[in-house]
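S.K.: Predicted coordinates and the sequence they were generated for:
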Number of protein chains: 2
Amino acid sequence: MKISGTSLNLSVTDYGITLDPTFTMLEFDGLRVLPVQTDLLIPGHASASAPDPVPQQSSMNLCAICADRATGKHYGASSCDGCKGFFRRSVRKNHAYTCRFSRQCVVDKDKRNQCRYCRLRKCFRAGMRKEAVQNERDRISCRREGQAVGTLTIDVLLQAEAFTQNPSQNLMRDINTKKIACVGDVCESMKQQLLLLVEWAKRIPEFCTLSVDDRVALLRAHSAEHLILGVARRSLPYNDIILLGNDFIIPFRGTEQEMSKVASRIFEELVRPLKELNITDTEFVCLKTIVFFAPDCPGLQCVQAVRRLRFQAQVLLDEATSEQRGRFGELLLLLTTLQSVAWQMVEQLQLMRLLGKANVDSLLMEMLLGEEATRGPEALPASESNPEALIFSTAAESVLSRGILTEHIPMPNFTSVILPVPSTLPEDPLLPTHTGPEVFTHEQAADMPREMSSSLAMPTVHTCL
Amino acid sequence: MKISGTSLNLSVTDYGITLDPTFTMLEFDGLRVLPVQTDLLIPGHASASAPDPVPQQSSMNLCAICADRATGKHYGASSCDGCKGFFRRSVRKNHAYTCRFSRQCVVDKDKRNQCRYCRLRKCFRAGMRKEAVQNERDRISCRREGQAVGTLTIDVLLQAEAFTQNPSQNLMRDINTKKIACVGDVCESMKQQLLLLVEWAKRIPEFCTLSVDDRVALLRAHSAEHLILGVARRSLPYNDIILLGNDFIIPFRGTEQEMSKVASRIFEELVRPLKELNITDTEFVCLKTIVFFAPDCPGLQCVQAVRRLRFQAQVLLDEATSEQRGRFGELLLLLTTLQSVAWQMVEQLQLMRLLGKANVDSLLMEMLLGEEATRGPEALPASESNPEALIFSTAAESVLSRGILTEHIPMPNFTSVILPVPSTLPEDPLLPTHTGPEVFTHEQAADMPREMSSSLAMPTVHTCL
DNA sequence: TGAGTCGGGTCAAAGGTCCC
DNA sequence: AGGGACCTTTGACCCGACTC
């Protein structure tokens, strides 16, 4: 802030107004700048009328308080760095000094530190104004300081994501060499991706601290959205197809009507906007985490913890997108679209299953079609937010699933999935066990031959945890 | 913070004005210096219930970052010289700042120098773009771009909202005097609210510039969400009930199971979070507008225009919530919950209709249950985002509606609703006509006696426009 | 063409840093 | 625990290219 240099002598009149009544330097406030000094501060004024023996040039270079060499004007008076700093510290800290003598101490370069009371008084008399001292500013020095809203960090999320990525698809083979998926291929890919989702979640320490029931609840609640989100990201480089995790593709035309319809929505409503936004890896993992830690989750016990985690994730996304206005909002708004597409996919899957066109195994049943047998009587009455439960829940009030649909195709009883799970899995060299180290990788899921993985004895979420 | 260099009477600097007598020098008075504690950052725990900011008075003259006097547009945002220089220096030197607090520092004229991280972030959020900062003394001729965020303003939205509010409910009569709604009451209220939604939309100039087909498409696409959003807001003062627009209530228990279930979800998943956030009117109208201008809308032709409008709305919401970190995200994330609850309500309504428990008239059929006969052959193949269409669409591939459900209850043919609508309505003194002035108000809809409004000859959206 | 806009740059006077 | 030499940042003001 620049102040006209000639107006300084008018500026001292307001001290009393802005002063704190308890301000202990009050007695300085009535002081006026000494006339002689004022003249010296006005360039071009002294030479005309005052026969000052000291040349103007040198007086400007002298501190008006202690006559040390001045480094410029500070707070309204030409002063040295010492008096400048002294004045700032005194005002900032609201220091109250007292004179041990009779308030007539000499203040010069040598003795300026002998009486702070007289030095500060001379600062005011020289024209320094406490109003010119500003508020404390930000630090300049760049010490790295972790700030962490919570404990979730981008790094953890990126690592979890990298762990469950399929590097073999990175080399972007020619699309023409890829095969068009049949319904079985789609189900197979979904199953693989769901297993990878479990592995992904297990890489998030905060997830692991939740109860088993809550972990299962989270994994089930939005698995369909995760499948869609994953396939949308995977399909970003392409224009006319959806690329599955097992390297099959779904074109928009030329395959089953139902599949191409969902695929087309994925492209138009998700892939296209994501392309336009040019979503980064960081943003993607944040979105995924936001979807994952959904507090409106059927049967969730520790709602507050999950809320906190989602809050952290959305703040992380906010930080990651802060350089482009509107970007954060656009990304978050894609989640409603994601939810819509996911629900349509689930409905299609349910239809295919009911029509006998798809062989849906128990893991898909449990995670995608909303088998809810795990919900005990303590389940929250108001937590019916997953779409599957709405349409085909086991809830007694659903006429669709019980009154009509199940007349045609009885739904198997899946209460077995909540039975205690053995701590070790059936012996299978390809599978990780609960007792062994976590060595489950994409090679074992995503790249697993279909014939083998479709017979995996790993049907429930509980088993995977 | 410009000081006229020629006037001497400006001796009281801006800093002097802002020097609060109670300012303690050492503390960041305005800042919430919170310990890094996640609990405090969760919306419900936030102490500050941001009061509605003063409606932008001459906002073009204010710096969008610190509210100092703006000197014009700089790098994409109306800003003062200070923020202009700060942004340029930051971008040029590629500075990476760190917030010493929790990244929600207030950035105003007084405190803008207290946290460079938050200041820079606010620059970006206000629309400044890195690319607008040029390297050296070279000038790129590409002027005129970037800005034109849009024409939507908070004021227009607030006025449209006020117009469709029911003032008689503001005096918050005793809940005990209100009657419990039966299914018919609910349908009646929904119909009234849908008519008010049309009136609300007509108060938004940008909506009126769209084609009739697009207007109808927007009104249909998310009407269920608007009903839920409205009822949630209306129910904010209460704890155990949902308050309908026609003053009936829905308790969580003691009425039909289906109704109380949705009501309970509305409360637990929407009213409760909104209460904790203490949502303002400004935020509410922004949310409503974001829901309304959904670009993934079946049959929408002018997708880009709608996208722009939603973008404007979400940026307005962002600006309205920028004082509290995470608030914007929490509000946006409620929209997925809103979508979920709305779909459940639609499903319940459909069930009630199919079971003969509800008398659903053609307006509700068209707007809530997704009659899609208006979609011509030019309809976008990939725009099936409305939930009703998913579940009970007339699309040939839906086994649910055609193959199974309609075996029991044949669906009437509603193609009549798209027939050309006569430019004048059947004579009815209560109804506005297309040729007359717009005099439709809440007195005519929300406060209309049930017996009359249920026989309104206003069945289609087209007719209302 | 001439006022307005918005890029650029400058530098006095604020700020902060850190050894003594 | 300040003091003060020394360095960084701020922002009011100016310039110039471009637009209308």
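M.R.: Cool, the structure landed.
S.K.: Shouldn't A:Lys84 be within a helix?
M.R.: Yes - A:Lys84 sits within a helix when classified using DSSP: H, G, I helix; E, B strand; the rest coil.
S.K.: how many neighbours does it have?
M.R.: 21 (other CB atoms under 10 Å in any protein chain shown). (C-beta placed from N, C-alpha, C; glycine too.)
S.K.: gap between the nearest residue to it once chain neighbours are set aside and chain B?
M.R.: Closest residue to A:Lys84 apart from its sequence neighbours, by CB to CB, 6 or more residues apart in numbering or on different chains: A:His74 at 3.9 Å. In this view, A:His74 and chain B are 14 Å apart by CB to the nearest CB, to the nearest Å.
S.K.: By residue count, which helix of chain A is the longest?
M.R.: helix A:327-354 (DSSP state H).
S.K.: quick one, it and helix B:327-354 angle?
M.R.: With axes from the mean of the first three to the mean of the last three CA atoms, to 10 degrees defining the directions, helix A:327-354 sits at 30 degrees from helix B:327-354.
S.K.: Just after helix A:327-354, pick out the following helix or strand.
M.R.: Later in the chain than helix A:327-354, the nearest helix or strand by DSSP states H and E is helix A:362-368.
S.K.: Now do the contacts for the residue in chain A positioned nearest to DNA strand D.
M.R.: Among the residues of chain A, A:Gly82 lies nearest to DNA strand D; the distance is 2.9 Å by CB to the nearest atom of the strand. A:Gly82 is in contact with A:Cys63, A:Cys66, A:Asp68, A:Arg112, counting by CB atoms under 8 Å, 6 or more residues apart in numbering or on different chains.
S.K.: before we move on, the earlier item: what about the longest helix of chain A, near chain B?
M.R.: Yes - Helix A:327-354 lies within reach of chain B by CB under 8 Å from any CB of the partner chain, at A:328-330, A:332-333, A:335-337, A:339-341, A:343-344, A:347, A:351, A:354.
S.K.: Nearest to B:Asn166 among these?
M.R.: Here the nearest of the residues of helix A:327-354 next to chain B to B:Asn166, counting by CB to CB, is A:Thr336; it sits at 27.8 Å.
S.K.: Assess the claim that the closest one and B:Thr337 are in contact.
M.R.: No - contact criterion CB atoms under 8 Å: A:Thr336 and B:Thr337 do not qualify, at 9.8 Å.
S.K.: What is the host helix or strand of A:Ala305 packed up against?
M.R.: Per DSSP H and E: A:Ala305 is located in helix A:303-320. Helix A:303-320 is packed against helix A:154-163, helix A:281-292, helix A:327-354, helix B:38-41, helix B:327-354, with contacts defined by 3 or more CB pairs under 8 Å, 6 or more residues apart in numbering or on different chains; DSSP states H and E.
S.K.: Can you add mean pLDDT and give those back as TSV?
M.R.: Below are the helices and strands packed on helix A:303-320 laid out as TSV (pLDDT from 0 to 100):
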stretch	mean pLDDT
helix A:154-163	95
helix A:281-292	98
helix A:327-354	94
helix B:38-41	29
helix B:327-354	94
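S.K.: Of all those, which one is nearest DNA strand C?
M.R.: The closest of the helices and strands packed on helix A:303-320 to DNA strand C is helix A:327-354. By CB to the nearest atom of the strand, the value is 19.7 Å.
S.K.: mind checking the SS state of the residue of the stretch 151-300 of chain A found nearest chain B?
M.R.: Across the stretch 151-300 of chain A, the shortest distance to chain B (CB to the nearest CB) belongs to A:Glu268, at 3.5 Å. Under three-state DSSP, A:Glu268 falls in the helix class.
S.K.: And the pLDDT at it?
M.R.: On pLDDT, A:Glu268 comes in at 94.
S.K.: any idea how far A:Gly127 is from A:Gly82?
M.R.: As judged by CB to CB, to the nearest Å, A:Gly82 and A:Gly127 stand 17 Å apart.
S.K.: nope, A:Asn176 is what I was after
M.R.: Taking CB to CB, one finds A:Asn176 at 82 Å from A:Gly127.
S.K.: Could you check which of these two has the larger neighbour count?
M.R.: A side-by-side neighbour count of A:Asn176 and A:Gly127, using other CB under 10 Å, places A:Gly127 first with 26 against 6.
S.K.: Would you agree that one is in contact with A:Ala64?
M.R.: Yes - counting by CB under 8 Å, A:Gly127 sits close enough to A:Ala64 to count as a contact (7.0 Å).
S.K.: What count of nearby residues applies to A:Asp110?
M.R.: Neighbour count for A:Asp110, taken as other CB under 10 Å: 10.
S.K.: Confirm it sits in a helix?
M.R.: No - judged by three-state DSSP, A:Asp110 forms no part of a helix; its state is coil.
S.K.: mind checking pLDDT for it?
M.R.: Note on A:Asp110: pLDDT of 94.
S.K.: List phi and psi for it.
M.R.: When read as degrees, to the nearest 10, the backbone of A:Asp110 gives phi -80, psi -40.
S.K.: A:Gly326 too?
M.R.: According to degrees, to the nearest 10, A:Gly326 has phi 90, psi -10.
S.K.: tell me the pLDDT at it?
M.R.: The score at A:Gly326 is 94. That number is its pLDDT.
S.K.: can you check A:Arg129 too?
M.R.: Predicted confidence (pLDDT) for A:Arg129: 96.
S.K.: what do you get for A:Thr22?
M.R.: A:Thr22 is assigned a predicted lDDT (pLDDT) of 36.
S.K.: same question, A:Met365
M.R.: 78.
S.K.: Going along the chain, name the strands of chain A.
M.R.: Taking DSSP state E as the test, the strands found in chain A are A:73-74, A:77-78, A:241-243, A:249-251.
S.K.: for the third one, packing partners?
M.R.: The contact analysis (3+ CB pairs under 8 Å, 6+ apart) places strand A:241-243 against helix A:223-234, strand A:249-251.
S.K.: just the first one next, same as before
M.R.: Judged by 3+ CB pairs under 8 Å, 6+ apart, the packing partners of strand A:73-74 are helix A:81-93.
S.K.: does any bit of the helix it packs on sit next to DNA strand C?
M.R.: Yes - judged by CB under 7 Å from any atom of the strand, helix A:81-93 and DNA strand C are in contact via A:Asp81, A:Gly85, A:Arg88.
S.K.: How many residues are close by the first one?
M.R.: A count of nearby residues for A:Asp81, using other CB under 10 Å, gives 14.
S.K.: ok, now which ones touch it?
M.R.: A:Thr71.
S.K.: got the residues of the stretch 1-150 of chain A near DNA strand C?
M.R.: A:2-3, A:5, A:72-76, A:81, A:85, A:88, A:132-134, A:136-141.
S.K.: can you tell me the distance between the two ends of stretch A:296-311?
M.R.: 13 Å (CA to CA, to the nearest Å).
S.K.: rewinding a little: give me the buried subset of the residues of the stretch 1-150 of chain A next to DNA strand C.
M.R.: A:Ile3, A:Lys73, A:His74, A:Tyr75, A:Gly76, A:Arg88, A:Ala132, A:Val133, A:Asp138 (16 or more other CB atoms under 10 Å in any protein chain shown).
S.K.: which regions of the stretch 201-350 of chain A lie under the pLDDT threshold?
M.R.: Residues of the stretch 201-350 of chain A meeting the criterion pLDDT under 70: A:254.
S.K.: quick revisit: in the helix holding A:Ala305, what counts as buried?
M.R.: Neighbour-count burial for helix A:303-320 [16+ other CB under 10 Å]: A:305-320.
S.K.: Among those residues, which one sits closest to B:Asn246?
M.R.: A:Arg307 (33.9 Å).
S.K.: Quick check: that closest one vs A:Ala221, distance?
M.R.: Computed with CB to CB, the distance linking A:Arg307 and A:Ala221 is 14 Å.
S.K.: same thing with A:Arg100?
M.R.: Taken as CB to CB, the span from A:Arg100 to A:Ala221 is 74 Å.
S.K.: Who has more neighbours out of the two?
M.R.: A:Ala221 (29 against 11).
S.K.: so the more buried one makes contact with A:Val291?
M.R.: No - if you go by CB under 8 Å, A:Ala221 and A:Val291 don't touch, sitting 9.3 Å apart.
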